[in-house]
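Chemist: Would you be able to build a 3D model of this:
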Amino acid sequence: MLLIELKWNKTEDGALRQIKERNYPQILKDYGGDLLLVGISYDVKSKKHSCRIEKFAL
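Modeler: Prediction:
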């Protein structure tokens with residue numbers, strides 16, 4: 001299962017931090033498997049994106 005947070009002109013680490021701080025994985029607590037947390041950042045000036053993925057066990 002994937003949890004994805006997209007950020008505009010912010011960092012992918014900030015996106016992952018938001019997922020954890022707001023406890024988004026709690027929504028899927030009955031899922032019972034591992035989750036992949038995905039933070040994606042898009043920079044408007046450079047038109048580039050970056051991504052960070054972390055495994056998260058419920």
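Chemist: What is the burial count for residue 22?
Modeler: 11 (other CB atoms under 10 Å). (C-beta placed from N, C-alpha, C; glycine too.)
Chemist: Distance check, it against residue 16.
Modeler: Here the criterion is CB to CB, to the nearest Å. By it, residue 22 lies 11 Å from residue 16.
Chemist: element containing residue 45?
Modeler: Taking DSSP states H and E as the definition, residue 45 sits outside all helices and strands.
Chemist: Now for it, how many residues are close by?
Modeler: Count around residue 45 with other CB under 10 Å applied: 6.
Chemist: Now it, what are its backbone angles?
Modeler: phi -70, psi -50 (degrees, to the nearest 10).
Chemist: Tell me the bridge partners for the closest residue to residue 49 other than its chain neighbours.
Modeler: Counting by CB to CB, 6 or more residues apart in numbering, residue 49 lies nearest to residue 42, which is 4.7 Å off, once chain neighbours are set aside. Beta bridges link residue 42 to residue 8, residue 49 when assigned by DSSP bridges.
Chemist: give me the number of residues near residue 42?
Modeler: 16.
Chemist: what do you get for residue 32?
Modeler: Neighbourhood size, residue 32 [other CB under 10 Å]: 8.
Chemist: Provide the backbone phi and psi angles at it.
Modeler: phi 80, psi -10.
Chemist: ok, the nearest residue to it once chain neighbours are set aside - contacts?
Modeler: Distance criterion CB to CB, 6+ apart; nearest residue to residue 32, sequence neighbours excluded, is residue 58 at 6.9 Å. The contact partners of residue 58, by CB atoms under 8 Å, 6 or more residues apart in numbering, come to 25, 28, 29, 31, 32, 33, 34, 35.
Chemist: Now do the same contact list for the third one.
Modeler: Contacts were defined as CB under 8 Å, 6+ apart; by that measure residue 29 touches residue 58.
Chemist: let's see 10 Å
Modeler: Residue 29 sits next to 23, 58 when contact means CB atoms under 10 Å, 6 or more residues apart in numbering.
Chemist: pLDDT score for it?
Modeler: pLDDT for residue 29: 84.
Chemist: So it versus residue 35, what's the distance?
Modeler: 10 Å.
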